[in-house]
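In: let's see this in three dimensions:
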Amino acid sequence: MKVLVFGAAGRTGRNIVSRALGHGHDVTAFVHSRPLDLAHPQLAIVSGDVCDFDTVSSAVEGVEAVAFAVAPGSGSGANSRETGIANVIHAMATFGARRLCAMSAAGTFARTSRQLSLGYRMLIATTLRATYDDLEAMEMRVMASDLDWTIVRPVGLSDEPASGHYRVELQGKLLPKTSRISREDVASLVVKSLETDTYLRRTVVIAQ
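Out: This next block holds a predicted model:
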């Protein structure tokens, strides 16, 4: 399968690229300002701005599946995730690509849930408010599309090695008594969502 990864130079995006290559896929890594120090015969790297439709469209042409792991500030716009996903959805519709997995975060549409720590609820209300505004706008665009989509909401991220054991909730609801999830485990779930129908049109919360 031909897979395109946006945000490929980020810590999660890089793991998605590695996992997809490990599964034998042809991967195009879309990076913005940060380089990607990976080399593989089935890997192509393109640079561009996710907020620029022409660049996004050029990258999407010919691919079958897209992983969207764009971090805040990864494009030229203030709302890089919403603008970026709108460009991606438009380009996928233009070229007939169907499978999309978008990375979000736990707490989206549940900012005041008591299953989030008090400290994190305060961060969402202040420092992370714009980030969550962007995430929610991005998710609404994904859900409104007619693509074969999956949204993945990790409960915090760590750089620990993959455990291969994690919990998921398929209705987007927060899980109780959670701890941070390895980026490698998240990447595994993202690639699985592109390969199978297990998480089709699901909002998946993932945590340890």
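
In: Ser179: how many residues sit nearby?
Out: Here the number of neighbours of Ser179 (other Cβ atoms under 10 Å) works out to 9. All C-beta spots, glycine's among them, are computed from the backbone N, C-alpha and C.

In: that one contacts Arg167, correct?
Out: No. Counting by Cβ atoms under 8 Å, Ser179 stays clear of Arg167, with 10.1 Å between them.

In: low-confidence ranges, this structure, go.
Out: 73-78 (pLDDT under 70).

In: what residues does the residue nearest the centre of it make contact with?
Out: Taking Cα atoms, centre = their mean, the centroid of the chain lies closest to Met103, which sits 2.4 Å from it. Applying Cβ atoms under 8 Å, 6 or more residues apart in numbering, we find Met103 in contact with Gly7, Thr12, Ala67, Phe68, Ala69, Val70, Val152, Pro154, Val186, Val190.

In: ok, Pro154 next?
Out: Contacts of Pro154 by Cβ under 8 Å, 6+ apart are Met103, Ala105, Ala106, Ile181, Val186, Val205, Ile206, Ala207.

In: at 6 Å instead, please
Out: Residues counted as contacts of Pro154 (Cβ atoms under 6 Å, 6 or more residues apart in numbering) are Ile181, Val186, Ile206.

In: what is the three-state secondary structure of the closest residue to Arg121 other than its chain neighbours?
Out: Distances taken as Cβ to Cβ, 6 or more residues apart in numbering put Thr112 closest to Arg121, at 6.2 Å, once the chain neighbours are dropped. Secondary structure assignment for Thr112 (DSSP: H, G, I helix; E, B strand; the rest coil): coil.

In: same thing with Val152?
Out: strand.

In: you'd agree it is up against Val205?
Out: No. Using Cβ atoms under 6 Å, Val152 makes no contact with Val205, being 8.3 Å away.

In: next, give phi and psi for Arg129.
Out: Taking degrees, to the nearest 10, you get phi -60, psi -50 for the backbone angles of Arg129.

In: distance of it from Gln115?
Out: Going from Arg129 to Gln115 by Cβ to Cβ, to the nearest Å gives 19 Å.

In: those two: who's more crowded?
Out: It is Gln115, of Arg129 and Gln115, that has more neighbours when counted by other Cβ under 10 Å, with 15 against 12.

In: quick one: that one and Ser182, what's the gap?
Out: Gln115 sits 21 Å away from Ser182, going by Cβ to Cβ.

In: repeat that for Arg121.
Out: Counting by Cβ to Cβ, the gap from Arg121 to Ser182 is 24 Å.

In: more neighbours, those two?
Out: Neighbour count, other Cβ under 10 Å: between Arg121 and Ser182, Ser182 has more, with 21 against 18.

In: do I have it right that the more buried one meets Glu160?
Out: Yes. Ser182 lies in contact with Glu160 (Cβ under 6 Å); the separation is 4.7 Å.
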